[in-house]
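1. test case, fold it:
(4 chains)
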2 protein chains.
Amino acid sequence: MSVDSGDAPVIESARRKRTRDRLIDAAYEVFAEYGIATATVEQIAERAGFTRGAFYSNFESKEELFFALADRENQVRFDRLEAGLTEYLPENGRISTDQISSIVRDFLGLQPDNRSWCLMQSEFQMLALRDPEVGKTYIAGEERAMTMLGDRLDELVAMVGLRFTMNSRELSTVLGAIYSDGIARVMLAGSTNPGPDTVDAVSDTIARIVQAFTEPV
Amino acid sequence: MSVDSGDAPVIESARRKRTRDRLIDAAYEVFAEYGIATATVEQIAERAGFTRGAFYSNFESKEELFFALADRENQVRFDRLEAGLTEYLPENGRISTDQISSIVRDFLGLQPDNRSWCLMQSEFQMLALRDPEVGKTYIAGEERAMTMLGDRLDELVAMVGLRFTMNSRELSTVLGAIYSDGIARVMLAGSTNPGPDTVDAVSDTIARIVQAFTEPV
DNA sequence: TGTATTCGATACATTGGTGTATCGCAATTT
DNA sequence: AAATTGCGATACACCAATGTATCGAATACA
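-> All right, here's what the predicted structure looks like:
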(Lines give C-alpha, C1' and ligand atoms only; values in the text may rest on other atoms or scores of the structure.)
Protein backbone atom coordinates (compact mmCIF):
# COMPACT_ATOMS: atom_id res chain seq x y z
CA MET A 1 0.00 0.00 0.00
CA SER A 2 1.82 3.09 -1.23
CA VAL A 3 1.39 6.04 1.06
CA ASP A 4 3.53 8.81 -0.33
CA SER A 5 1.60 10.11 -3.28
CA GLY A 6 4.11 11.07 -5.93
CA ASP A 7 6.14 8.00 -6.82
CA ALA A 8 6.87 9.04 -10.37
CA PRO A 9 7.02 12.77 -11.08
CA VAL A 10 4.99 12.43 -14.25
CA ILE A 11 3.87 15.70 -15.76
CA GLU A 12 0.16 15.15 -15.98
CA SER A 13 -1.89 16.87 -18.63
CA ALA A 14 -4.37 19.57 -17.68
CA ARG A 15 -7.21 17.31 -18.62
CA ARG A 16 -5.90 14.49 -16.47
CA LYS A 17 -5.50 16.84 -13.56
CA ARG A 18 -9.07 18.04 -13.92
CA THR A 19 -10.41 14.53 -13.98
CA ARG A 20 -8.37 13.51 -10.99
CA ASP A 21 -9.56 16.53 -9.05
CA ARG A 22 -13.18 15.81 -9.85
CA LEU A 23 -12.71 12.24 -8.72
CA ILE A 24 -11.07 13.39 -5.51
CA ASP A 25 -13.90 15.84 -4.86
CA ALA A 26 -16.42 13.12 -5.42
CA ALA A 27 -14.53 10.75 -3.17
CA TYR A 28 -14.55 13.34 -0.41
CA GLU A 29 -18.34 13.36 -0.47
CA VAL A 30 -18.83 9.66 -0.92
CA PHE A 31 -16.28 8.65 1.71
CA ALA A 32 -17.83 11.04 4.20
CA GLU A 33 -21.26 9.65 3.51
CA TYR A 34 -20.52 5.93 3.46
CA GLY A 35 -17.03 5.43 4.82
CA ILE A 36 -13.99 4.30 2.90
CA ALA A 37 -14.68 0.61 3.23
CA THR A 38 -18.32 0.78 2.20
CA ALA A 39 -17.95 3.29 -0.61
CA THR A 40 -17.57 1.67 -4.00
CA VAL A 41 -15.46 2.74 -6.93
CA GLU A 42 -18.62 2.98 -8.95
CA GLN A 43 -20.24 5.41 -6.52
CA ILE A 44 -17.22 7.68 -6.63
CA ALA A 45 -16.94 7.64 -10.40
CA GLU A 46 -20.65 8.24 -10.80
CA ARG A 47 -20.68 11.13 -8.37
CA ALA A 48 -17.90 12.71 -10.39
CA GLY A 49 -19.86 12.19 -13.58
CA PHE A 50 -17.66 9.41 -14.90
CA THR A 51 -17.70 5.68 -15.24
CA ARG A 52 -15.35 3.26 -13.60
CA GLY A 53 -13.26 3.31 -16.73
CA ALA A 54 -12.18 6.85 -15.95
CA PHE A 55 -11.40 5.89 -12.40
CA TYR A 56 -9.12 3.02 -13.25
CA SER A 57 -7.20 5.02 -15.81
CA ASN A 58 -6.49 7.64 -13.16
CA PHE A 59 -6.04 5.71 -9.96
CA GLU A 60 -4.68 2.34 -9.09
CA SER A 61 -7.20 1.72 -6.35
CA LYS A 62 -9.63 3.26 -3.89
CA GLU A 63 -6.83 3.44 -1.35
CA GLU A 64 -4.56 5.42 -3.60
CA LEU A 65 -7.39 7.85 -4.20
CA PHE A 66 -7.94 8.16 -0.49
CA PHE A 67 -4.33 9.07 0.16
CA ALA A 68 -4.39 11.64 -2.60
CA LEU A 69 -7.48 13.12 -0.98
CA ALA A 70 -6.00 13.03 2.50
CA ASP A 71 -2.84 14.72 1.27
CA ARG A 72 -4.75 17.51 -0.37
CA GLU A 73 -7.15 18.20 2.47
CA ASN A 74 -4.49 17.93 5.12
CA GLN A 75 -2.55 20.61 3.36
CA VAL A 76 -5.60 22.84 2.98
CA ARG A 77 -6.44 22.53 6.65
CA PHE A 78 -2.89 23.07 7.75
CA ASP A 79 -2.56 26.24 5.69
CA ARG A 80 -5.90 27.52 6.85
CA LEU A 81 -5.04 27.04 10.50
CA GLU A 82 -1.63 28.61 10.11
CA ALA A 83 -3.01 31.57 8.20
CA GLY A 84 -5.82 32.00 10.69
CA LEU A 85 -3.50 32.04 13.66
CA THR A 86 -1.15 34.47 11.97
CA GLU A 87 -4.02 36.76 11.19
CA TYR A 88 -5.05 36.84 14.80
CA LEU A 89 -1.58 37.62 16.04
CA PRO A 90 -1.38 41.42 15.94
CA GLU A 91 -4.71 42.06 17.67
CA ASN A 92 -3.98 44.19 20.70
CA GLY A 93 -1.78 44.04 23.74
CA ARG A 94 -4.04 41.87 25.83
CA ILE A 95 -5.63 38.50 25.42
CA SER A 96 -8.72 37.41 27.30
CA THR A 97 -10.61 34.19 27.64
CA ASP A 98 -13.38 35.70 25.58
CA GLN A 99 -10.99 36.49 22.76
CA ILE A 100 -9.53 33.01 22.71
CA SER A 101 -13.01 31.65 22.85
CA SER A 102 -14.11 33.64 19.83
CA ILE A 103 -11.03 32.70 17.83
CA VAL A 104 -11.69 29.05 18.49
CA ARG A 105 -15.36 29.51 17.72
CA ASP A 106 -14.44 30.88 14.35
CA PHE A 107 -12.54 27.74 13.59
CA LEU A 108 -15.07 25.40 15.04
CA GLY A 109 -18.10 26.92 13.44
CA LEU A 110 -17.19 28.59 10.22
CA GLN A 111 -15.77 25.63 8.39
CA PRO A 112 -18.51 24.37 6.13
CA ASP A 113 -16.75 21.07 5.61
CA ASN A 114 -16.16 20.34 9.26
CA ARG A 115 -18.44 17.38 9.09
CA SER A 116 -16.77 15.69 6.15
CA TRP A 117 -13.35 16.53 7.44
CA CYS A 118 -14.06 15.13 10.84
CA LEU A 119 -15.27 11.89 9.33
CA MET A 120 -12.30 11.64 7.01
CA GLN A 121 -9.88 12.30 9.82
CA SER A 122 -11.43 9.51 11.85
CA GLU A 123 -11.23 7.15 8.91
CA PHE A 124 -7.62 8.08 8.43
CA GLN A 125 -6.85 7.42 12.06
CA MET A 126 -8.53 4.05 11.92
CA LEU A 127 -6.50 3.03 8.91
CA ALA A 128 -3.42 4.26 10.71
CA LEU A 129 -4.21 2.22 13.80
CA ARG A 130 -4.59 -0.94 11.72
CA ASP A 131 -1.74 -0.50 9.25
CA PRO A 132 1.71 0.53 10.53
CA GLU A 133 2.68 1.89 7.13
CA VAL A 134 -0.29 4.23 7.10
CA GLY A 135 0.44 4.92 10.73
CA LYS A 136 3.78 6.49 9.89
CA THR A 137 2.21 8.90 7.44
CA TYR A 138 -0.55 9.77 9.84
CA ILE A 139 1.84 10.43 12.69
CA ALA A 140 4.00 12.61 10.47
CA GLY A 141 1.01 14.80 9.63
CA GLU A 142 -0.07 15.10 13.24
CA GLU A 143 3.47 15.86 14.30
CA ARG A 144 3.74 18.65 11.79
CA ALA A 145 0.40 20.18 12.72
CA MET A 146 1.00 20.02 16.47
CA THR A 147 4.45 21.52 16.18
CA MET A 148 3.16 24.36 14.06
CA LEU A 149 0.27 24.98 16.41
CA GLY A 150 2.53 24.91 19.43
CA ASP A 151 4.97 27.36 17.89
CA ARG A 152 2.22 29.74 16.85
CA LEU A 153 0.66 29.65 20.28
CA ASP A 154 4.01 30.43 21.85
CA GLU A 155 4.45 33.41 19.59
CA LEU A 156 0.95 34.61 20.12
CA VAL A 157 1.10 34.42 23.86
CA ALA A 158 4.54 35.96 24.04
CA MET A 159 3.32 39.00 22.14
CA VAL A 160 0.95 39.88 24.94
CA GLY A 161 3.48 39.31 27.66
CA LEU A 162 2.40 35.88 28.76
CA ARG A 163 3.75 32.35 28.64
CA PHE A 164 2.46 28.83 29.07
CA THR A 165 2.98 26.81 32.20
CA MET A 166 2.68 23.68 30.12
CA ASN A 167 4.87 22.69 27.23
CA SER A 168 3.19 24.28 24.23
CA ARG A 169 3.44 21.09 22.25
CA GLU A 170 1.68 19.14 24.95
CA LEU A 171 -0.92 21.86 25.23
CA SER A 172 -1.52 21.74 21.51
CA THR A 173 -2.17 18.04 21.71
CA VAL A 174 -4.62 18.57 24.51
CA LEU A 175 -6.43 21.28 22.60
CA GLY A 176 -6.47 19.16 19.47
CA ALA A 177 -8.05 16.29 21.36
CA ILE A 178 -10.73 18.51 22.88
CA TYR A 179 -11.35 20.16 19.53
CA SER A 180 -11.86 16.87 17.68
CA ASP A 181 -13.95 15.41 20.42
CA GLY A 182 -15.95 18.61 20.57
CA ILE A 183 -16.71 18.70 16.86
CA ALA A 184 -17.90 15.13 17.05
CA ARG A 185 -20.16 15.83 20.00
CA VAL A 186 -21.61 18.90 18.37
CA MET A 187 -22.32 16.90 15.25
CA LEU A 188 -23.92 14.16 17.27
CA ALA A 189 -26.07 16.53 19.26
CA GLY A 190 -27.39 17.97 16.04
CA SER A 191 -28.65 21.51 15.72
CA THR A 192 -31.71 20.72 17.76
CA ASN A 193 -30.71 21.62 21.30
CA PRO A 194 -28.94 24.28 23.33
CA GLY A 195 -27.25 21.76 25.64
CA PRO A 196 -23.59 21.47 26.58
CA ASP A 197 -22.59 20.16 23.17
CA THR A 198 -22.51 23.38 21.20
CA VAL A 199 -19.79 25.20 19.36
CA ASP A 200 -19.87 27.89 22.02
CA ALA A 201 -19.49 25.45 24.86
CA VAL A 202 -16.55 23.74 23.25
CA SER A 203 -14.88 27.03 22.46
CA ASP A 204 -15.28 28.17 26.04
CA THR A 205 -13.82 24.95 27.37
CA ILE A 206 -10.78 25.32 25.17
CA ALA A 207 -10.39 28.93 26.17
CA ARG A 208 -10.54 28.07 29.84
CA ILE A 209 -7.86 25.45 29.47
CA VAL A 210 -5.57 27.83 27.64
CA GLN A 211 -6.23 30.36 30.37
CA ALA A 212 -5.49 27.87 33.11
CA PHE A 213 -2.05 27.13 31.73
CA THR A 214 -1.02 30.71 31.06
CA GLU A 215 0.79 33.09 33.38
CA PRO A 216 2.53 36.47 33.18
CA VAL A 217 6.08 36.13 31.95
CA MET B 1 -31.75 -0.64 12.09
CA SER B 2 -32.75 -1.74 15.57
CA VAL B 3 -30.51 -0.39 18.24
CA ASP B 4 -31.94 -1.51 21.54
CA SER B 5 -30.95 -5.12 21.85
CA GLY B 6 -33.81 -6.90 23.58
CA ASP B 7 -36.96 -6.45 21.53
CA ALA B 8 -38.52 -9.71 22.60
CA PRO B 9 -37.64 -10.99 26.05
CA VAL B 10 -37.18 -14.53 24.80
CA ILE B 11 -35.68 -16.90 27.33
CA GLU B 12 -32.75 -18.28 25.42
CA SER B 13 -31.40 -21.71 26.11
CA ALA B 14 -28.00 -22.13 27.72
CA ARG B 15 -26.67 -23.56 24.51
CA ARG B 16 -27.92 -20.62 22.49
CA LYS B 17 -26.38 -18.20 24.94
CA ARG B 18 -23.02 -19.93 24.70
CA THR B 19 -23.06 -19.80 20.93
CA ARG B 20 -24.04 -16.17 20.89
CA ASP B 21 -21.28 -15.31 23.31
CA ARG B 22 -18.70 -17.14 21.26
CA LEU B 23 -19.87 -15.28 18.18
CA ILE B 24 -19.68 -11.97 20.00
CA ASP B 25 -16.19 -12.77 21.24
CA ALA B 26 -15.12 -13.63 17.73
CA ALA B 27 -16.70 -10.49 16.37
CA TYR B 28 -14.78 -8.42 18.89
CA GLU B 29 -11.53 -9.74 17.47
CA VAL B 30 -12.50 -9.64 13.84
CA PHE B 31 -14.07 -6.18 14.00
CA ALA B 32 -11.00 -4.82 15.73
CA GLU B 33 -8.75 -6.36 13.12
CA TYR B 34 -10.65 -5.47 9.96
CA GLY B 35 -13.31 -2.96 10.88
CA ILE B 36 -17.04 -3.52 10.89
CA ALA B 37 -17.55 -2.77 7.23
CA THR B 38 -14.74 -4.97 5.96
CA ALA B 39 -15.28 -7.90 8.30
CA THR B 40 -17.44 -10.63 6.80
CA VAL B 41 -20.01 -12.82 8.45
CA GLU B 42 -17.95 -15.79 7.36
CA GLN B 43 -14.82 -14.53 9.12
CA ILE B 44 -16.72 -14.03 12.35
CA ALA B 45 -18.39 -17.42 12.24
CA GLU B 46 -15.15 -19.14 11.37
CA ARG B 47 -13.22 -17.42 14.15
CA ALA B 48 -15.85 -18.66 16.57
CA GLY B 49 -15.54 -22.18 15.20
CA PHE B 50 -18.89 -22.15 13.42
CA THR B 51 -20.22 -21.80 9.91
CA ARG B 52 -22.45 -19.03 8.65
CA GLY B 53 -25.41 -21.25 9.32
CA ALA B 54 -24.86 -20.82 13.05
CA PHE B 55 -24.50 -17.11 12.63
CA TYR B 56 -27.76 -16.61 10.82
CA SER B 57 -29.69 -18.71 13.27
CA ASN B 58 -28.44 -16.48 16.09
CA PHE B 59 -28.27 -13.02 14.60
CA GLU B 60 -30.26 -11.15 12.04
CA SER B 61 -27.24 -9.36 10.63
CA LYS B 62 -23.71 -8.18 11.24
CA GLU B 63 -25.10 -4.91 12.59
CA GLU B 64 -27.26 -6.60 15.18
CA LEU B 65 -24.24 -8.54 16.34
CA PHE B 66 -22.26 -5.34 16.59
CA PHE B 67 -24.83 -3.71 18.80
CA ALA B 68 -24.96 -6.75 21.04
CA LEU B 69 -21.19 -6.55 21.32
CA ALA B 70 -21.20 -2.82 21.98
CA ASP B 71 -23.82 -3.24 24.67
CA ARG B 72 -21.87 -5.91 26.45
CA GLU B 73 -18.50 -4.20 26.31
CA ASN B 74 -19.89 -0.81 27.20
CA GLN B 75 -21.34 -2.30 30.33
CA VAL B 76 -18.11 -4.06 31.22
CA ARG B 77 -16.10 -0.89 30.80
CA PHE B 78 -18.59 1.19 32.69
CA ASP B 79 -18.59 -1.20 35.65
CA ARG B 80 -14.84 -1.47 35.63
CA LEU B 81 -14.39 2.28 35.71
CA GLU B 82 -16.97 2.75 38.42
CA ALA B 83 -15.51 -0.02 40.54
CA GLY B 84 -12.00 1.28 40.01
CA LEU B 85 -12.89 4.79 41.07
CA THR B 86 -14.75 3.56 44.11
CA GLU B 87 -11.80 1.47 45.13
CA TYR B 88 -9.51 4.45 45.01
CA LEU B 89 -11.80 6.60 47.11
CA PRO B 90 -10.73 5.88 50.67
CA GLU B 91 -7.02 6.28 50.13
CA ASN B 92 -5.84 8.93 52.54
CA GLY B 93 -6.66 12.50 53.36
CA ARG B 94 -4.61 14.07 50.60
CA ILE B 95 -4.51 13.81 46.84
CA SER B 96 -1.49 14.70 44.77
CA THR B 97 -0.80 15.00 41.08
CA ASP B 98 1.32 11.89 41.33
CA GLN B 99 -1.53 9.95 42.84
CA ILE B 100 -3.97 11.00 40.17
CA SER B 101 -1.38 10.22 37.60
CA SER B 102 -0.88 6.71 38.89
CA ILE B 103 -4.61 6.06 39.08
CA VAL B 104 -5.00 7.09 35.49
CA ARG B 105 -1.97 5.10 34.49
CA ASP B 106 -3.57 2.01 35.96
CA PHE B 107 -6.54 2.52 33.70
CA LEU B 108 -4.58 3.46 30.66
CA GLY B 109 -2.04 0.71 30.83
CA LEU B 110 -3.47 -2.29 32.54
CA GLN B 111 -6.38 -2.98 30.24
CA PRO B 112 -5.25 -5.75 27.94
CA ASP B 113 -8.05 -5.04 25.53
CA ASN B 114 -7.45 -1.32 25.24
CA ARG B 115 -6.53 -1.67 21.63
CA SER B 116 -9.62 -3.54 20.55
CA TRP B 117 -11.81 -1.38 22.69
CA CYS B 118 -10.40 1.82 21.29
CA LEU B 119 -11.00 0.61 17.76
CA MET B 120 -14.53 -0.52 18.54
CA GLN B 121 -15.34 2.76 20.19
CA SER B 122 -14.16 4.66 17.13
CA GLU B 123 -16.21 2.45 14.87
CA PHE B 124 -19.22 3.02 17.06
CA GLN B 125 -18.74 6.75 16.92
CA MET B 126 -18.45 6.70 13.15
CA LEU B 127 -21.67 4.76 12.83
CA ALA B 128 -23.26 7.23 15.22
CA LEU B 129 -22.09 10.19 13.17
CA ARG B 130 -23.59 8.73 10.02
CA ASP B 131 -26.83 7.31 11.38
CA PRO B 132 -29.00 9.44 13.69
CA GLU B 133 -30.66 6.37 15.14
CA VAL B 134 -27.32 4.91 16.18
CA GLY B 135 -26.37 8.40 17.29
CA LYS B 136 -29.06 8.43 19.95
CA THR B 137 -27.83 5.19 21.47
CA TYR B 138 -24.25 6.33 21.35
CA ILE B 139 -25.03 9.64 23.01
CA ALA B 140 -27.01 7.91 25.72
CA GLY B 141 -24.02 5.74 26.58
CA GLU B 142 -21.63 8.67 26.65
CA GLU B 143 -24.05 10.67 28.74
CA ARG B 144 -24.30 7.92 31.29
CA ALA B 145 -20.56 7.40 31.50
CA MET B 146 -19.74 11.10 31.78
CA THR B 147 -22.34 11.68 34.45
CA MET B 148 -21.07 8.77 36.47
CA LEU B 149 -17.48 9.88 36.09
CA GLY B 150 -18.34 13.44 37.02
CA ASP B 151 -20.20 12.36 40.14
CA ARG B 152 -17.42 10.05 41.24
CA LEU B 153 -14.82 12.72 40.75
CA ASP B 154 -16.87 15.14 42.81
CA GLU B 155 -17.11 12.65 45.63
CA LEU B 156 -13.48 11.76 45.45
CA VAL B 157 -12.27 15.32 45.50
CA ALA B 158 -14.69 16.34 48.24
CA MET B 159 -13.32 13.62 50.51
CA VAL B 160 -9.94 15.28 50.56
CA GLY B 161 -11.29 18.73 51.13
CA LEU B 162 -11.07 20.01 47.58
CA ARG B 163 -13.46 20.98 44.82
CA PHE B 164 -13.36 21.61 41.11
CA THR B 165 -13.31 25.06 39.59
CA MET B 166 -14.86 23.60 36.46
CA ASN B 167 -18.17 21.82 36.23
CA SER B 168 -17.30 18.20 36.93
CA ARG B 169 -19.33 17.06 33.96
CA GLU B 170 -17.42 19.32 31.62
CA LEU B 171 -14.18 18.22 33.19
CA SER B 172 -15.10 14.60 32.67
CA THR B 173 -15.68 15.25 29.01
CA VAL B 174 -12.33 16.93 28.71
CA LEU B 175 -10.59 14.07 30.46
CA GLY B 176 -12.43 11.56 28.32
CA ALA B 177 -11.29 13.31 25.17
CA ILE B 178 -7.68 13.40 26.29
CA TYR B 179 -7.85 9.81 27.42
CA SER B 180 -9.19 8.53 24.09
CA ASP B 181 -6.84 10.66 22.08
CA GLY B 182 -3.99 9.54 24.30
CA ILE B 183 -4.69 5.84 23.92
CA ALA B 184 -4.77 6.28 20.18
CA ARG B 185 -1.49 8.13 20.12
CA VAL B 186 0.18 5.57 22.33
CA MET B 187 -1.04 2.82 20.06
CA LEU B 188 0.21 4.66 17.02
CA ALA B 189 3.61 5.36 18.52
CA GLY B 190 4.01 1.68 19.22
CA SER B 191 6.14 0.34 22.04
CA THR B 192 9.32 1.31 20.31
CA ASN B 193 10.07 4.76 21.67
CA PRO B 194 10.19 6.77 24.88
CA GLY B 195 8.74 9.90 23.25
CA PRO B 196 5.83 12.04 24.38
CA ASP B 197 3.25 9.46 23.38
CA THR B 198 3.51 7.08 26.28
CA VAL B 199 1.05 5.95 28.91
CA ASP B 200 3.02 7.88 31.51
CA ALA B 201 2.96 11.09 29.52
CA VAL B 202 -0.79 10.88 28.96
CA SER B 203 -1.42 10.09 32.61
CA ASP B 204 0.64 13.07 33.68
CA THR B 205 -1.20 15.37 31.33
CA ILE B 206 -4.53 14.28 32.69
CA ALA B 207 -3.29 14.68 36.24
CA ARG B 208 -2.08 18.18 35.55
CA ILE B 209 -5.40 19.20 34.12
CA VAL B 210 -7.27 17.82 37.09
CA GLN B 211 -4.85 19.66 39.33
CA ALA B 212 -5.29 22.90 37.43
CA PHE B 213 -9.03 22.90 37.97
CA THR B 214 -8.99 21.95 41.63
CA GLU B 215 -8.91 24.25 44.62
CA PRO B 216 -9.36 24.04 48.42
CA VAL B 217 -13.01 24.15 49.35
C1' DT C 1 -5.60 20.03 -41.41
C1' DG C 2 -4.00 15.52 -40.72
C1' DT C 3 -1.90 12.38 -37.55
C1' DA C 4 -0.78 10.48 -33.09
C1' DT C 5 -1.84 9.76 -28.49
C1' DT C 6 -4.21 10.07 -24.44
C1' DC C 7 -8.17 9.07 -21.92
C1' DG C 8 -12.83 7.77 -20.79
C1' DA C 9 -16.81 4.51 -22.07
C1' DT C 10 -18.45 -0.08 -22.82
C1' DA C 11 -18.58 -4.92 -22.34
C1' DC C 12 -17.16 -9.03 -20.15
C1' DA C 13 -15.34 -12.51 -17.11
C1' DT C 14 -14.61 -13.43 -12.37
C1' DT C 15 -14.85 -13.32 -7.60
C1' DG C 16 -16.39 -13.03 -2.91
C1' DG C 17 -19.94 -12.47 0.04
C1' DT C 18 -24.96 -12.92 1.11
C1' DG C 19 -29.12 -15.02 2.59
C1' DT C 20 -32.16 -19.00 2.41
C1' DA C 21 -33.88 -23.61 2.27
C1' DT C 22 -33.06 -28.10 3.73
C1' DC C 23 -31.12 -31.77 6.37
C1' DG C 24 -29.45 -34.26 10.26
C1' DC C 25 -27.53 -34.44 14.77
C1' DA C 26 -27.76 -33.44 19.59
C1' DA C 27 -29.91 -31.77 23.50
C1' DT C 28 -34.15 -31.60 26.14
C1' DT C 29 -38.56 -33.43 27.69
C1' DT C 30 -41.76 -37.00 29.29
C1' DA D 1 -35.56 -44.81 26.01
C1' DA D 2 -38.52 -42.66 22.71
C1' DA D 3 -40.12 -38.49 20.92
C1' DT D 4 -39.61 -33.77 19.95
C1' DT D 5 -37.59 -29.61 19.35
C1' DG D 6 -33.68 -26.56 18.68
C1' DC D 7 -29.77 -25.45 16.33
C1' DG D 8 -25.76 -25.72 13.44
C1' DA D 9 -23.94 -27.61 8.82
C1' DT D 10 -24.37 -27.98 3.94
C1' DA D 11 -25.64 -26.63 -0.53
C1' DC D 12 -27.47 -23.48 -3.70
C1' DA D 13 -28.99 -19.42 -6.15
C1' DC D 14 -27.98 -14.68 -6.41
C1' DC D 15 -25.96 -10.24 -6.59
C1' DA D 16 -22.87 -6.54 -6.26
C1' DA D 17 -18.46 -5.05 -7.05
C1' DT D 18 -14.05 -5.69 -9.19
C1' DG D 19 -10.53 -5.35 -12.72
C1' DT D 20 -9.36 -5.84 -17.55
C1' DA D 21 -9.47 -5.64 -22.49
C1' DT D 22 -11.10 -3.18 -26.25
C1' DC D 23 -12.98 0.60 -28.79
C1' DG D 24 -14.00 5.25 -30.07
C1' DA D 25 -13.72 10.13 -29.27
C1' DA D 26 -11.40 14.20 -27.78
C1' DT D 27 -7.12 16.51 -27.33
C1' DA D 28 -2.34 17.64 -28.48
C1' DC D 29 0.96 18.12 -31.87
C1' DA D 30 2.95 18.45 -36.68
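
2. now the helix-or-strand element of chain A with minimal mean pLDDT: buried residues?
-> None of the helices or strands of chain A scores lower by mean pLDDT, DSSP states H and E than helix A:97-109, at a mean of 78. Under the neighbour-count criterion of 16 or more other Cβ atoms under 10 Å in any protein chain shown, helix A:97-109 has A:100-101, A:103-105, A:107-109 buried. For the C-beta atoms, the positions are set from N, CA and C on the backbone; glycine is no exception.

3. and chain B, which of those residues contact it?
-> Restricting those to those touching chain B (Cβ under 8 Å from any Cβ of the partner chain) yields no residues.

4. which among those gets closest to B:Thr40?
-> Nearest to B:Thr40 among these is A:Leu108, at 38.4 Å by Cβ to Cβ.

5. now check the helix or strand containing A:Ala54, is it near DNA strand C?
-> Assigned by DSSP states H and E, A:Ala54 falls within helix A:52-56. Yes - residues of helix A:52-56 contacting DNA strand C under Cβ under 7 Å from any atom of the strand: A:52-54.

6. counting contacts, what elements does that helix pack onto?
-> Contacts defined by 3 or more Cβ pairs under 8 Å, 6 or more residues apart in numbering or on different chains; DSSP states H and E place helix A:52-56 against helix A:14-34, helix A:41-47.

7. other residues contacting it?
-> Helix A:52-56 is contacted from outside by A:19, A:23, A:41-42, A:44-45, A:48, A:65, using Cβ atoms under 8 Å, 6 or more residues apart in numbering or on different chains.

8. got those as TSV, with distance to chain B columns?
-> Below are these laid out as TSV (distance: Cβ to the nearest Cβ, whole Å):
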residue	distance to chain B
A:Thr19	27
A:Leu23	21
A:Val41	15
A:Glu42	16
A:Ile44	16
A:Ala45	19
A:Ala48	21
A:Leu65	17
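
9. thinking again about what came up before, who wins for proximity to DNA strand D among the helices and strands packed on helix A:52-56?
-> helix A:41-47 (3.6 Å; Cβ to the nearest atom of the strand).

10. wait, what's in contact with A:Arg152?
-> With Cβ under 8 Å, 6+ apart, A:Arg152 has these contacts: A:82, A:85-86.

11. ok, now with 10 Å
-> A:81-82, A:84-86, A:88-89, A:168, A:172 (Cβ atoms under 10 Å, 6 or more residues apart in numbering or on different chains).

12. quick revisit: save the helices and strands packed on helix A:52-56 as a markdown table, and put in mean neighbour count, distance to B:Ala70 and mean pLDDT too.
-> Below are those laid out as a markdown table (neighbours: other Cβ atoms under 10 Å in any protein chain shown; distance: least, Cβ to Cβ, whole Å; pLDDT from 0 to 100):
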| stretch | mean neighbour count | distance to B:Ala70 | mean pLDDT |
| --- | --- | --- | --- |
| helix A:14-34 | 17 | 20 | 96 |
| helix A:41-47 | 18 | 27 | 98 |
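
13. so which of those gets nearest DNA strand C?
-> Ranking the helices and strands packed on helix A:52-56 by proximity to DNA strand C (Cβ to the nearest atom of the strand) places helix A:14-34 first, at 3.1 Å.

14. by contact count, what packs against that closest one?
-> Secondary-structure packing of helix A:14-34 (3 or more Cβ pairs under 10 Å, 6 or more residues apart in numbering or on different chains; DSSP states H and E): helix A:41-47, helix A:52-56, helix A:62-88, helix A:114-130, helix B:114-130.

15. relative to helix A:114-130, how tilted is it?
-> 90 degrees (axes from the mean of the first three to the mean of the last three Cα atoms, to 10 degrees).
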